[in-house]
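Colleague: here you go, sequence then predicted model.
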Amino acid sequence: MTLLYQNRQYIRNNIAQKREDRRTNEQFRDITIETGIIGRAEGSARVKIGDTEIIAGVKTEIGKPYPDSPSEGVIMVNSEFSALASPDFENGPPREDSIELSRVVDRGIRESKTVDVEKLCIEKGEKVWMVFVDITIVNHDGNLIDAAGIGAITALLTAQLPKINEDGTVEREEFEGNLPITQIPVPVTSGLINNTIITDMSKDETECSDAIFTVTTIENENYCAMQKAGPSELTEEQMLKIADIAQKESKKIRAAIKTAVKKHKV
Amino acid sequence: MTSVKIIPKKKDTTIKNTTEKKNTKTETKNTEQSNTIVLPGDILVESIDFLTGHGTYREGKKIYSKILGILRKKEHVISVIPLSGTYQPKPRDFIIGEVAYVGYSNWRVDFGHPNSATLPMSGVPEFIENGADLSKYYKRGDLLFAPIESVTKNMIIQISMKDKRARKLFGGKIINISPSKVPRVIGKEGTMIAQIKNKTGCIINVSQNGRIWIKGDNEPLATRTIKMVEKLSHKKGLTETISQYLDKEVKIMDTPKSKDMETQ
Amino acid sequence: MASNVPEKYKTLIKNNKRIDGRKLDELRPVKIEVGVVPSADGSAYIEIGNTKVLVAVHGPKEMFPRHMINEDRAVLNVRYAMLPFSTSERVRPGPSRRSNEISKVTRHALESVIFLEEFPAMGIDLTLDIIQADAGTRATAITAASVALAHAGIPMKGLVAATAIGKINDKLAVDLNGPEDNFGQTDMPIAMISTNKNITLLQMDGDFTKEEFKTSLEMAKKAIDPLFEAQKAALQKYYE
């Protein structure tokens, strides 16, 4: 359902003074991270940011490496806008949004070298592990990118590699060690609404935003992926401000991810 | 492994319990106040002396519920008041809709239903000459509070602005609640909505399609309160609960600068 | 049915107990929760043993695609999907021949109880996402679907629940789990209406004698009652 014109006006006019749910401009909604929710997956996580809810699952397969990187495994992040969360799925699916979501999360994980792909090589040029992270959106109340990014990395951190039998087949119920993870990239998305910077926008807020900027940060506070979306321009100061917020907020989120993973491994 | 917390511990509610409850309720004559929840397929009564009301169907002697709701018996009519569901338009219902399209001789008004409503040129109080620019009266994006005049079988819905309560809504915002909760938000003889209006000082318009228009400085409190009514709609003593909640919240707002505002 | 049965699954019944300790006529543990997808008009989450399904209902609403509109009644659009991580081998996202067929039989399993004629030209969207599969996904999805439909306020003659009757080690058993389904002889998913126990879905593959088929139907009629109770309890609990 699209936002009523009047509500759009209302949010835009009032955003500088107050957000609908009484948050401050840079404040996230409550985040909950659960792990180990799908027994069939090698790793999994459920992430809730307010009413937004996603499930991420990791599956592995043995495949052939790409010819230009014969000794590297493959990592792929894929997200589906399930009809579950969106009443408008037959209405011409929001394909662009869905693809952008996948790609932004994928880049955050790939570009930060989160997964040490060389360690995923089983037999050079012949056999490598292919790691798939699949994300399903259960409920959409904005800021899917951050929820998906948190879910993807948490699922990867808890994932285990299945055992390979002597005959080369995969033993699905036994595992040999964890995935080689080197980084914890965390995306933080802020937007511009009527010249005010707003972090972790709800669905309604996103619908009346002018620009959206996602900044993914790794542990040493460097940035590893960015994406600017939305029709309007951003000034240099605004971009830097949003990048600052991302540094600050990602720290808290990373700590929460670590706690969830630690709890999982106990 | 951390376990899923999706399922809260379930009390062993067996269906026996509920049927028993139902039986005792039907025995006591005054079922007006009972809050028995019934489900599709539940047998409500087995007798030809009763008539099927809203949300029920008959098969032989038995009257069944066809929806999830609360059982009501009034004289010889058995009906079920829905606890959920989308809005189905009826004549004389007031709806809040957004002007989606301005035509040559009418307006198309979206009110969150698959079929939008039509406001004909003849449905406004002013006399409009043929060929006049209708957007002078109502333009795209305007919000209208208006009664449904007619609904045909194939869902052609007409509204009118001639009713004296009908009006264009300026400013403010709209919140959505489940249409089945509208009667609760209004309350008996309007008591619930009256107290929300009084204590928040907001202007509030409730429409049958579940859209509520709120205008005033205390709009966030009014919104939270209405959402609370929606959530607790089937609970008893709700008017009192809400009254206490409002008193508490209004007090907090009157004390200068709460803590979380300072940390900002 | 598979020719190379692993040693540990050769004996599926021992002393009248199944590999997970159940009796032959016993269902797996059932959990149902209502209202798990706030943005939907109705929703339910169900776990039957290790099979986990999320169901959402949107509507009655505008019907898409437009050329499928029926002017006399609502159209029930069912989309059944196994999520990529729901099974041992990753499932490629998007519809498959299998998921299309299941969507269709599920639609038929539910359509007959819904008063579709009350919503001419509209559509009711039903999404069934299998989060984790361990046999009986369609039956589990149907059981959850009718809860989600009731939660959405859709008028129905009654609830529909479904389970499966199978044959393992030459014995009839209720509600097969993964290994029983894979290495047993017969699987027969079956859906029934709460009010009259009429059957709205039945599929069978494997091997049944006429007598076994008859007995299966009787078994299903009995076995399905706890599912109806779980459905009702979940809906009532939501409004407590």
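Modeller: Looks like it came in fine.

Colleague: the helices in chain A, which residues?
Modeller: Taking DSSP state H as the test, the helices found in chain A are A:5-14, A:95-111, A:144-158, A:203-207, A:236-265.

Colleague: let me fix that, I meant to ask about the stretch 151-264 of chain B.
Modeller: Secondary structure of the stretch 151-264 of chain B (DSSP state H, counting those that start in this stretch): helices at B:182-186, B:191-200, B:219-231, B:238-254, B:259-263.

Colleague: which strands and helices sit next to the first one?
Modeller: Packed against helix B:182-186, as judged by 3 or more Cβ pairs under 8 Å, 6 or more residues apart in numbering or on different chains; DSSP states H and E, are the following elements: helix B:191-200, strand B:203-206, helix B:219-231. Yep, even glycine has a C-beta here, placed from its N, CA and C like the rest.

Colleague: determine the number of other residues adjacent to residue 153.
Modeller: No chain was given, so I picked chain A. As a burial measure, the neighbour count of residue A:153 was computed by other Cβ atoms under 10 Å in any protein chain shown and equals 31.

Colleague: right idea, wrong chain: chain C
Modeller: If you count neighbours by other Cβ under 10 Å, residue C:153 ends up with 24.

Colleague: before we move on, what about residue A:165?
Modeller: For residue A:165, the neighbour count with other Cβ under 10 Å is 10.

Colleague: whichever residue of the stretch 101-250 of chain B sits closest to chain C: what's it in contact with?
Modeller: When distances are taken as Cβ to the nearest Cβ, the stretch 101-250 of chain B approaches chain C most closely through residue B:114, which lies 3.8 Å from it. For residue B:114, the residues meeting the contact criterion (Cβ atoms under 8 Å, 6 or more residues apart in numbering or on different chains) are B:155, C:60, C:61, C:62, C:63, C:121, C:122.

Colleague: apart from its neighbours in sequence, what residue is nearest residue 164?
Modeller: You didn't say which chain, so I picked chain A. In space, not counting the residues next to it along the chain, residue A:164 is nearest to residue A:170; the distance is 6.1 Å by Cβ to Cβ, 6 or more residues apart in numbering or on different chains.

Colleague: let me rephrase: I mean chain C.
Modeller: Closest residue in space to residue C:164, ignoring its immediate chain neighbours: residue C:189 at 4.6 Å, by Cβ to Cβ, 6+ apart.

Colleague: the one you found contacts residue C:139, correct?
Modeller: Yes: contact status for residue C:189 versus residue C:139: in contact at 4.8 Å, counting by Cβ atoms under 8 Å.

Colleague: residues that sit against both of those two, list them.
Modeller: Overlap between the contact sets of residue C:189 and residue C:139, as judged by Cβ under 8 Å, 6+ apart, is given by C:162, C:163, C:164.

Colleague: and the second one, that's in a helix?
Modeller: Think residue C:163. No: the assignment for residue C:163 by DSSP: H, G, I helix; E, B strand; the rest coil gives strand, which leaves it out of any helix.

Colleague: what's the neighbour count on the closest residue to chain B within chain A?
Modeller: Each residue of chain A has a distance to chain B, by Cβ to the nearest Cβ, and the smallest belongs to residue A:5, at 3.5 Å. By other Cβ under 10 Å, the residues close to residue A:5 number 17.

Colleague: what about the nearest residue to it once chain neighbours are set aside, neighbour count?
Modeller: Once flanking residues are discounted, residue A:5 sits nearest to residue B:141: 3.5 Å by Cβ to Cβ, 6+ apart. One way to gauge burial is a neighbour count; for residue B:141, by other Cβ under 10 Å, it gives 13.

Colleague: quick check: residue B:141 vs residue A:247, distance?
Modeller: Noted for residue B:141: a distance of 39 Å to residue A:247, by Cβ to Cβ, to the nearest Å.

Colleague: all strands of chain A, in order?
Modeller: Secondary structure of chain A (DSSP state E): strands at A:31-35, A:43-49, A:52-63, A:74-80, A:121-123, A:127-139, A:160-164, A:170-178, A:186-193, A:196-199, A:211-217, A:223-229.

Colleague: can you check chain C too?
Modeller: With strands called from DSSP E, chain C shows them at C:13-14, C:17-18, C:30-34, C:42-48, C:51-62, C:75-82, C:122-132, C:160-168, C:171-174, C:186-193, C:199-202.

Colleague: quick check: which ranges of the stretch 1-150 of chain B have low pLDDT?
Modeller: Residues of the stretch 1-150 of chain B that meet the criterion pLDDT under 70 lie in B:1-34.

Colleague: what residues are up against whatever residue of the stretch 1-150 of chain B ends up closest to chain A?
Modeller: Scanning the stretch 1-150 of chain B for proximity to chain A using Cβ to the nearest Cβ identifies residue B:141 as nearest, at 3.5 Å. Neighbour list for residue B:141: A:5, A:6, B:98, B:99 [criterion: Cβ under 8 Å, 6+ apart].

Colleague: give the helix, strand or coil label for it.
Modeller: Each residue gets one of three states, and residue B:141 gets coil by three-state DSSP.

Colleague: on that earlier part again, format the strands of chain A as a markdown table; extra columns: mean pLDDT and mean neighbour count.
Modeller: Supplementary listing: those in a markdown table, determined by pLDDT from 0 to 100; neighbours: other Cβ atoms under 10 Å in any protein chain shown:
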| stretch | mean pLDDT | mean neighbour count |
| --- | --- | --- |
| strand A:31-35 | 97 | 20 |
| strand A:43-49 | 97 | 27 |
| strand A:52-63 | 94 | 24 |
| strand A:74-80 | 88 | 21 |
| strand A:121-123 | 92 | 15 |
| strand A:127-139 | 93 | 24 |
| strand A:160-164 | 90 | 17 |
| strand A:170-178 | 82 | 12 |
| strand A:186-193 | 96 | 27 |
| strand A:196-199 | 97 | 21 |
| strand A:211-217 | 95 | 24 |
| strand A:223-229 | 91 | 18 |
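
Colleague: the residue in chain C positioned nearest to chain A - nearest residue in space that isn't next to it in sequence?
Modeller: Ranking the residues of chain C by distance to chain A (Cβ to the nearest Cβ) places residue C:85 first, at 2.7 Å. The spatial neighbour of residue C:85 that comes closest, neighbours along the chain excluded (Cβ to Cβ, 6+ apart), is residue A:57 at 2.7 Å.

Colleague: was I right to think the one you found contacts residue A:46?
Modeller: No: with contacts counted by Cβ under 8 Å, residue A:57 stays clear of residue A:46, the gap being 9.9 Å.

Colleague: hmm, back to that, quick one: closest of the strands of chain A to residue C:4.
Modeller: For these, the distance to residue C:4 is smallest for strand A:170-178, at 15.4 Å, taking Cβ to Cβ.

Colleague: and residue C:163, what does it touch?
Modeller: For residue C:163, the contacting residues are C:27, C:136, C:139, C:143, C:174, C:175, C:189, C:190, C:220, C:223, C:224, C:227, taking Cβ under 8 Å, 6+ apart as the criterion.
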